[in-house]
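Novice: sequence unavailable; structure follows:
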Ligand SMILES: O=C(O)[C@H](O)[C@@H](O)[C@H](O)[C@H](O)COP(=O)(O)O
């Protein structure tokens, strides 16, 4: 009998799980617990932890309770970090998501080696297609090795959401919303500056073990409600629905989740 593909999209995606915390500080604390649980599960399964992150307000909230811990909960040597989206600028540019993550997070973790952080190839900045393909190759190496796999299965992907409902660099109405083949794609007409970027596509987002949106503050209310209460609108963020056994989580504070009618779940690991 042919082996069952672990990420064959045969079942319906699980409904989103919404957590709401008193404050963004509390959110950061629980997010750290969640990341550590994902790390431990991943190490037990495959002896490494693959994480992808975005830019925006996320890196700061992520770092808050992960750096400077004294409980030995973090196994930094097992981490392999990717960017769910990146801007096509040099890595030391203020618009670079790598630079932001470096300032807020990586530079505070001396145990993390540079080789564990997968950045874009700066020598290819002039050619978005080539740069995107080269970044995809880094995913292929990390997830497929010598075997062919249909899709990479990240242990955890952390995402933000913009005021237009975009996530990664997947914007409303853009042709990349229907991309089915590439794992990483270039975009040169991003409505949010800077215009030239690369982004993970849905085939990557929707095959992860866990994807979590991290949303704090009143400014997220409207889009959170639209995503959870009106998925039929098809906003880019609400299209992130990992195939079983993957799960999608929304980590919010009460300010962000004030208006959604969607049922909140009790946070447990
Ligand atoms: O490269 C980007 O444009 C960001 O990664 C973007 O996708 C971000 O996650 C959202 O715009 C939310 O940003 P905030 O968290 O700052 O609101």
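Specialist: That came through fine. All values derive from a computational prediction rather than experimental measurement. Residues are numbered from 1 along each chain as shown.
Novice: what does the pLDDT read for residue 148?
Specialist: According to the per-residue confidence, residue 148 scores 65 in pLDDT.
Novice: repeat that for the one 3 residues further on.
Specialist: Listed pLDDT for residue 151 reads 89.
Novice: again, but for residue 144
Specialist: Residue-level pLDDT assigned to residue 144 equals 80.
Novice: quick one: residues contacting the residue lying closest to it once chain neighbours are set aside.
Specialist: The spatial neighbour of residue 144 that comes closest, neighbours along the chain excluded (Cβ to Cβ, 6 or more residues apart in numbering), is residue 152 at 7.6 Å. For glycine as for every other residue, the C-beta is placed from the backbone atoms N, C-alpha and C. With contact taken as Cβ atoms under 8 Å, 6 or more residues apart in numbering, residue 152 is in contact with 50, 139, 140, 142, 143, 144, 183, 204, 207.
Novice: taking the residues you listed one by one, which sit in helices?
Specialist: Those of those mapping onto helices are 139, 140, 142, 143, 204, per DSSP state H.
Novice: ok, whichever residue of the stretch 101-250 of the chain sits closest to the ligand to residue 55 distance?
Specialist: The minimum distance from the stretch 101-250 of the chain to the ligand, using Cβ to the nearest ligand atom, falls at residue 160 (2.6 Å). Going from residue 160 to residue 55 by Cβ to Cβ, to the nearest Å gives 7 Å.
Novice: just residue 155 next, same as before
Specialist: 20 Å.
Novice: so which bits of the stretch 51-200 of the chain are right by the ligand?
Specialist: In this structure, the stretch 51-200 of the chain approaches the ligand at residues 54-58, 85, 97, 160-162, 167-169, 192, judged by Cβ under 6 Å from any ligand atom.
Novice: go with 5 Å
Specialist: By the rule Cβ under 5 Å from any ligand atom, the part of the stretch 51-200 of the chain lying against the ligand is 54, 55, 56, 57, 85, 160, 162.
Novice: and the strands in the protein?
Specialist: Listed from the start of the chain, the chain has strands (DSSP state E) covering 17-21, 49-53, 79-83, 85-87, 156-159, 184-187, 197-200, 210-215, 247-253.
Novice: and the first one, what does it pack onto?
Specialist: Which is strand 17-21. Of the remaining helices and strands, those touching strand 17-21 by 3 or more Cβ pairs under 8 Å, 6 or more residues apart in numbering; DSSP states H and E are helix 24-46, strand 247-253, helix 254-257.
Novice: hey, which of these is tucked in deepest?
Specialist: Each of the helices and strands packed on strand 17-21 was given a mean neighbour count from mean count of other Cβ atoms under 10 Å, and the largest, a mean of 23, is that of strand 247-253.
Novice: mind listing the strands it pairs with, and their directions?
Specialist: Its sheet considered, strand 247-253 pairs with strand 17-21 (parallel), strand 210-215 (parallel) by DSSP bridges.
Novice: can you tell me which of the ones you listed is most buried?
Specialist: Per-stretch averages of neighbours, counted by mean count of other Cβ under 10 Å, single out strand 210-215 among those, with a mean of 26.
Novice: how about residues contacting that strand?
Specialist: For strand 210-215, with Cβ under 8 Å, 6+ apart as the criterion, the contacting residues are 27, 31, 34, 38, 57-58, 61-62, 155-161, 167, 205, 224, 237, 240, 242, 246-253, 256.
Novice: identify the residues contacting residue 104.
Specialist: By Cβ under 8 Å, 6+ apart, the contact list for residue 104 reads 59, 60, 62, 63.
Novice: go on, residue 91?
Specialist: Contacts for residue 91 (Cβ under 8 Å, 6+ apart) come out as 98, 99, 119, 120, 122.
Novice: check those for burial and list the buried ones.
Specialist: Neighbour counting by 16 or more other Cβ atoms under 10 Å classes 98, 99, 119, 120 among those as buried.
Novice: need the contact list for the closest residue in space to the third one that isn't next to it in sequence.
Specialist: Spatial nearest neighbour of residue 119, excluding adjacent residues (Cβ to Cβ, 6+ apart): residue 98 at 4.9 Å. Contact partners of residue 98, counting by Cβ under 8 Å, 6+ apart, are 83, 86, 91, 117, 119, 120.
Novice: no further queries at this time; thank you.
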